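Undergrad: Next comes the sequence, and after it the predicted model I'd like to discuss.
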Amino acid sequence: MNALIDRRALIKASAALIVTFALDPRVGRAAATKGKPVGLDTVDSFLAIAADGTVTVYSGKVDLGTGVRTALTQIVAEELDVPFANITLIQGDTDLTPDQGVTYGSLSIQNGGVQLRQAAATARRALLQIAAAQLKVSPDTLTIDSGFVIGPDQKRLALQSLIGQQGLSMPMDKAAPLKNPDNFKVVGRTVQRLDIPGKVTGRFTFMQDFKLPGMYHGRVIRPAAMGAKLISVDETSIADIPGIIKVVRQEDFLGVVAKTEWAAIRAMRQLAVTWSEWRGLPAAIELWQHVRQTKIVKDDVTSNVGSSAAALAAAPQRLQATYNFAIHTHGSIGPSCAVAQFDGDRLTCWSASQATHNLRKQLAAMLSLKDEQVRCIYIDGAGCYGRNAHEDAAADAALLARAVGAPVRVQWMREDEHGWDPKGPPTLLDMRAGIDAKGRISAWESELFIPDGVAGFVALVGADHAGLDSLGKLSPGGVIQGLAIPYTIDNVKTVAHRLVSTPFKPSWIRSPGRMQNSFANEAFFDEIAAHLGKDPLDARLEYLSDARGKEVLERLAVLSGWRTRPKPSTGASKSVGWGLAYTKYELVRTYVGVVCEAEVDRKSGEIAVRRFFVAHDCGQIINPDGVRNQIEGNVVQTVSRVMKEELKFSQSKVTSVNWASYPILQFPDIPQVVIDLIDRPHEIPWGAGEPTAALVPAAISNAVFNAIGVRLRSVPFTPPKVRAAIAHPGAV
Amino acid sequence: MPAIQLNVNGADVIADVDDAAMPLLYFLRNEMGLHGPRFGCGLGQCGACTVHLDGAAVRSCVYPIGNVRGQIVTLEGLGTPEKLHPLQRAFIDEQAVQCGYCINGMIMQAAAFLKRTPKPTEAQVREELRPNLCRCGTHIRIVRAVMRAAQSPGAAV
């Protein structure tokens, strides 16, 4: 839309809607899909070169606000040697993009980007071979520059001129040669993000901005208690609100559809509804007993070396501690939103889902359709850090669109988002270590209490309430990752007790499990080092055999000035401490070391997290500033989670349903973040969206210990907990 | 159906609304197609919906349209892709965006602030932006962008 809209443009709101629609390129995109391949085994699933030389990239991985759209574009620009500006990226459209897996786990570059690179490399080789045949020269004598094959006599052939009728229809070839990173011009350089100009001028189309002609607005009235049943609805209670299209009820699913968004919101607030009583949640104060007493369905042993039980029994010194990590909400700043259109045979759903291909299956199941009858299209929403409620908003929109036979937009209200998004589950860890007569760590044991399940389908809220199957299972994410440790100890056993249930429907939030497990591992390792009187850095280096990991720690030491850091003051009311933490993410990828500098007020119990130093090795870096932006976000967001966040609930429902009752970190409390990026252009590119986050809780806890000599083992680190830890060291 | 006279981004507008209590945000977004201001909480707690009313930053998600007296400016009216406001320029230069959903509020809040306080300290910027929430953790860059804009000519315009 234009910045300045004159009155004529506003005579009819509906006219404005249609103008918006007609101008939206997504609509054109939604029309032409026939025959577009989407399999992972063919190049034209990923890439197309048009007659004008523009390149379209079809990415199953989506940009959740991380800037990965730009990085993926860089990868293709580099490998195909086409101008960056000539590339358009289409993301997360089940009719157009290959299913490259859910956009989670810090895998968009590592998996999605590597596939795109391979597609581009396959295309590159084929185009060079075609050009070589035309020019009657060997392909070795040819290069590609800015979308042209350059021949021996500087003859230039446009890439699009080399493509015949079959386009890029060719099998993906893992053996297609990749460009030597020494010759990279685009990858490894900072490129300004493609989406930022539109976002700072109000021109970017977020999911929340998307409109269709004749679209209505829906809102859903959720049960007054989590498990409450709908007893009665009095539709006359909203008779005075103009523009109500329908009150939609299906078992305990209750929605309103209206001509305008405000009418839908008013109706949602005003509709007289009677719900049954329900009190099925544990008392918040007994949460950890509840977790400990929940039935275990199986044990996952994530590492088992030597005989930890025997070594522990034989150890002259033993340490043990229990760690816990509160239930968290995702808390996207923009509540979840979706638009659905159902024509009786085919459902089209626009959403900001991180998993459009999975959402398609879930919506199809919910509406008893075949997968092929459902199309899900991604549009960027507010930042998404895991499986939040976008899928649930999509289900709501689909149910309402089917009920009224017209396109319906649903945006959740703030209380819906905080109240009904799936939660990061409560996590409890028991840690034990044995020290032998020589002062070496001879045994390490951990027991994790965490819900059963993987990163599967999370049931859709609307489907649950409507009594429909959405393929949902207990799905907390890959939460047993990060329980095994990166250190070489002779006797180790790490066990995850998988629980039959957890109070709130779980899902994954940024660094799921890895964050909680790394908190316990890295803080407990610090406890052992302190017990042995060893420097936390030296102790880690002593038990680390991985050269790349050691290099990260050494560079961290230099970056932070660790070895010359100031000693904490002992007497003053405020004391500054330094804490360190390390990970090799999931033991197989990105290496990170962090140092936290925090000031603790002994009297008030307040912690000021002042600075984080981060040494980061994610292999080949695509966009250095993009990686820095992600690392900063990892730190700041996790400082918020660790210092402030904890779901509040009664025995009936979530009670922390807005930013007043679920506060997050604000500007005055934001730490400085100092980063050392280690670029390894010849290595595999790994992710940067999660690993740093995993270290933040332990680093803060360790800094607090260094400052005032008490251990914080329960996230969040609120002032009352700090004061209690000071009053009763060892009890918290 | 009250007809309400507004001035948005310099243009006079008649808003025909069912309910004068409707927050201004819904009119701007749904009737005028101005998507700079965004719905974040509907409670005035996060700042994503911020617009200027006679130069002051207000939360349009809780501001009844019937109470609006004065000139409204949205992010679209602050600057355009062709003629960026110094803050928009600075946010691009600092790459001070992750998802960008909160950025409207950051820029609008900072623009009103810089008019009152053309040469702020970093601590003043942080304090001013305290009520604006960002979930991605872009704060460091946002503060840097505001400081950069404050040092550029024309920021207080």
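TA: Happy to help now that I have it.
Undergrad: now the residue positioned nearest the centre of chain B, nearest residue through space, not along the chain?
TA: For chain B, the residue nearest the mean C-alpha position is residue B:108 (2.9 Å; CA atoms, centre = their mean). Excluding its sequence neighbours, the residue lying closest to residue B:108 (CB to CB, 6 or more residues apart in numbering or on different chains) is residue B:50, at 4.1 Å. From N, CA and C alone the C-beta is placed, and that goes for glycine too.
Undergrad: repeat for residue A:203
TA: Nearest residue to residue A:203, sequence neighbours excluded (CB to CB, 6+ apart): residue B:81, at 6.4 Å.
Undergrad: before we move on, which element is that neighbour in?
TA: Using DSSP states H and E, residue B:81 sits in no helix or strand.
Undergrad: Using the three-state scheme, assign the residue of the stretch 601-732 of chain A found nearest chain B.
TA: In the stretch 601-732 of chain A, the residue that lies nearest chain B is residue A:636 (3.0 Å; CB to the nearest CB). Recorded secondary structure, residue A:636: helix (DSSP: H, G, I helix; E, B strand; the rest coil).
Undergrad: Surely it is in contact with residue A:671?
TA: Yes. Here residue A:636 reaches residue A:671: they are 7.2 Å apart, a contact under CB atoms under 8 Å.
Undergrad: The two - which one has more neighbours?
TA: The neighbour comparison of residue A:636 against residue A:671 (other CB atoms under 10 Å in any protein chain shown) goes to residue A:636, with 26 against 22.
Undergrad: mind giving me the domain split of the chain?
TA: Since no chain was named, I'll use chain A. Following the assignment in automatic domain parsing, chain A carries domains at A:33-193, A:208-277+A:332-420, A:510-727.
Undergrad: Not quite, go with chain B.
TA: B:3-76, B:86-150.
Undergrad: how long is the longest one from one end to the other?
TA: This stretch, domain B:3-76, spans 24 Å end to end (CA to CA, to the nearest Å).
Undergrad: again with the last one
TA: From the first residue to the last, domain B:86-150 extends over 8 Å; the measure is CA to CA.
Undergrad: Would you mind confirming that residue A:633 makes contact with residue B:136?
TA: Yes. With contacts counted by CB under 8 Å, residue A:633 reaches residue B:136, the gap being 5.0 Å.
Undergrad: shared neighbours, these two?
TA: residue B:98 (CB atoms under 8 Å, 6 or more residues apart in numbering or on different chains).
Undergrad: Let me know the secondary structure of the closest residue to residue B:59 other than its chain neighbours.
TA: Nearest non-adjacent residue to residue B:59, counting by CB to CB, 6+ apart: residue B:44, 4.1 Å away. Following three-state DSSP, residue B:44 is assigned to coil.
Undergrad: show me what contacts residue B:44?
TA: Applying CB under 8 Å, 6+ apart, the residues near residue B:44 are B:59, B:61, B:62.
Undergrad: please redo it, this time with the cut-off set to 10 Å
TA: A:659, B:23, B:50, B:58, B:59, B:60, B:61, B:62, B:63, B:131 (CB atoms under 10 Å, 6 or more residues apart in numbering or on different chains).
Undergrad: Poorly predicted segments of chain B, please.
TA: B:1, B:154-157 (pLDDT under 70).
Undergrad: can you map out the strands along it?
TA: B:3-8, B:11-16, B:50-53, B:56-59, B:71-73 (DSSP state E).
Undergrad: Ok, which of those comes nearest residue A:700?
TA: Nearest to residue A:700, of all the strands of chain B, is strand B:50-53, at 31.4 Å by CB to CB.
Undergrad: Which strands or helices does that closest one pack on?
TA: For strand B:50-53, the packing partners by 3 or more CB pairs under 10 Å, 6 or more residues apart in numbering or on different chains; DSSP states H and E come out as helix B:24-26, strand B:56-59, strand B:71-73, helix B:75-78, helix B:103-116.
Undergrad: Could you say which one of those comes nearest to residue A:288?
TA: Of all those, helix B:103-116 comes closest under CB to CB, at 37.4 Å.
Undergrad: List the buried residues of the closest one.
TA: For helix B:103-116, the neighbour count (16 or more other CB atoms under 10 Å in any protein chain shown) marks B:103, B:104, B:105, B:106, B:107, B:108, B:109, B:110, B:111, B:112, B:113, B:114 as buried.
Undergrad: So which bits of the stretch 501-650 of chain A are right by chain B?
TA: Residues of the stretch 501-650 of chain A found near chain B (CB under 10 Å from any CB of the partner chain) are A:623, A:625-626, A:628-640.
Undergrad: let's see it at 7 Å
TA: A:625, A:629, A:632, A:633, A:635, A:636, A:637 (CB under 7 Å from any CB of the partner chain).
Undergrad: By mean pLDDT, which helix or strand of chain A comes out lowest?
TA: helix A:13-23 (a mean of 33; mean pLDDT, DSSP states H and E).
Undergrad: Using the three-state scheme, assign the residue nearest to residue A:265 when sequence neighbours are not counted.
TA: Residue nearest to residue A:265 in three dimensions, not counting chain neighbours: residue A:219, with 6.0 Å by CB to CB, 6+ apart. Three-state call for residue A:219 (three-state DSSP): strand.
Undergrad: check which helix or strand covers residue A:450.
TA: Using DSSP H and E, residue A:450 falls in strand A:441-451.
Undergrad: related to what we said a few turns ago, wait, the residue of the stretch 601-732 of chain A closest to chain B sits on residue A:672?
TA: No. Using CB atoms under 7 Å as the test, residue A:636 is too far from residue A:672 to be in contact (10.3 Å).
Undergrad: Return the residues in contact with residue B:47.
TA: B:59, B:102, B:105, B:109, B:131, B:132, B:133 (CB atoms under 7 Å, 6 or more residues apart in numbering or on different chains).
Undergrad: farthest pair in those residues?
TA: Pairwise distances across the contacts of residue B:47 peak at 13.0 Å for B:59 and B:102 (criterion: CB to CB).
Undergrad: between the two, which one's more packed in?
TA: A count of neighbours by other CB under 10 Å puts residue B:102 above the other of residue B:59 and residue B:102, at 28 against 25.
Undergrad: per-residue confidence at whichever residue of the stretch 151-300 of chain A sits closest to chain B?
TA: Using CB to the nearest CB, the single residue of the stretch 151-300 of chain A nearest to chain B is residue A:202, 3.0 Å away. Looking at residue A:202, its pLDDT reads 98.
Undergrad: Next up, the contacts around it.
TA: B:34, B:35, B:36, B:74, B:75, B:76, B:104.
Undergrad: quick check, nearest of those residues to chain A?
TA: Closest to chain A, out of all of the contacts of residue A:202 and judged by CB to the nearest CB, is residue B:36, at 3.0 Å.
Undergrad: ranking the domains of chain B by burial, who's on top?
TA: Most buried of the domains of chain B by mean neighbour count (mean count of other CB atoms under 10 Å in any protein chain shown) is domain B:86-150; its value is a mean of 23.
Undergrad: Distance from it to the middle of the chain?
TA: 11 Å (CA atoms, centre = their mean, to the nearest Å).
Undergrad: what's the answer for stretch A:216-227, then?
TA: Here stretch A:216-227 is found 26 Å from its chain centre; the criterion is CA atoms, centre = their mean.
Undergrad: What lies in contact with that stretch?
TA: A:245, A:252, A:254-261, A:264-265, A:268, A:271, A:273, A:275, A:277-278, A:280-281, A:396-397, A:400, A:404, A:406, A:408-410, A:416, A:419-420, A:462, A:652-653.
Undergrad: Can you say which of those are buried?
TA: Neighbour-count burial (16+ other CB under 10 Å) is assigned, among the contacts of stretch A:216-227, to A:245, A:252, A:254-261, A:264-265, A:268, A:271, A:273, A:275, A:278, A:281, A:396-397, A:400, A:404, A:406, A:408-410, A:416, A:419-420, A:462, A:652-653.
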